[in-house]
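**Q** mind looking at a prediction? Sequence and model below.
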Amino acid sequence: MDMSILENALALAGTALSVTDKAAGTAEAIKKLFSSDKSPDANEAMSLVNKLAGELTAANVMNVDMSSALKRLSQELKAQDEFEQEKARYQLVTTSHGDMVYKLREEMANGEPMHYVCPACLKKDRMIVFIQGEGDYKHCQVDQSHVYTFNRTEYRSRGNDSFY
Ligand SMILES: [Zn+2]
């Protein structure tokens, strides 16, 4: 998964906590100011109230940022889980000509026709991409340079020797 999404969410959570702590400290200072025996200094009270308002606004903004970061994180985790579940339906096999490909497990076909998926795309991009083609060589649907040899028809053995 994209670790920067997790790191971003955790960093925001840390900042949100310190902003909330600051606001709590300011609120405490206001409380103290009004609970002392002397009548509170109006200027000091006003400046503390403004400070608290600013801190609460910052905390609010942080909350919005954090909730969108958490949403992204949860989407990322869901996508990761879906990919792992999808990947579990395939088994790495070797074609008769030594190429490694992923093959749909029969017991997990869920009614889908038997097919192969591209190991290069699966490893590199975490994508399930079909391998298709009718002949001896089949290729990936996304990148035509991902070619896999399933068979090598021996034309010579079909009695075409006269051709040479
Ligand atoms: Zn591919």
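**A** Okay, I see it.
**Q** what is the burial count for Thr57?
**A** For Thr57, the neighbour count with other Cβ atoms under 10 Å is 12. Every residue, glycine included, has its C-beta placed from N, CA and C.
**Q** which secondary structure state does it sit in?
**A** In three-state terms, and counting by DSSP: H, G, I helix; E, B strand; the rest coil, Thr57 is helix.
**Q** next, Arg152: phi, psi?
**A** Backbone torsions of Arg152, given as degrees, to the nearest 10, read phi -130, psi 100.
**Q** for it, grab the count of nearby residues.
**A** Using other Cβ under 10 Å, Arg152 is surrounded by 10 other residues.
**Q** please report how far it lies from His97.
**A** The spacing between Arg152 and His97, counted by Cβ to Cβ, to the nearest Å, is 6 Å.
**Q** how about Leu33?
**A** Distance, Leu33 to His97, using Cβ to Cβ: 83 Å.
**Q** likewise for Ala109?
**A** From Ala109 across to His97, the span is 24 Å (Cβ to Cβ).
**Q** try Ile131
**A** Applying Cβ to Cβ, the value for Ile131 to His97 is 14 Å.
**Q** which of these two has more neighbours?
**A** Higher neighbour count among Ile131 and His97: Ile131, with 24 against 12, using other Cβ under 10 Å.
**Q** and the helix or strand of the chain with the lowest mean pLDDT, what's buried?
**A** Ranking every helix and strand in the chain by mean pLDDT, DSSP states H and E puts helix 3-35 at the bottom, with a mean of 90. Judged by neighbour count using 16 or more other Cβ atoms under 10 Å, the buried positions of helix 3-35 are 5, 8-9, 12, 16, 19-20, 22-23, 26-27, 30.
**Q** for stretch 134-153, same thing?
**A** 138-140, 146, 148, 150.
**Q** which of those come close to the ion?
**A** Filtering these for proximity to the ion by Cβ under 5 Å from the ion leaves 140, 146.
**Q** just the ones in strands from the buried residues of stretch 134-153, please.
**A** Counting by DSSP state E, those place 138-140, 148 in strands.
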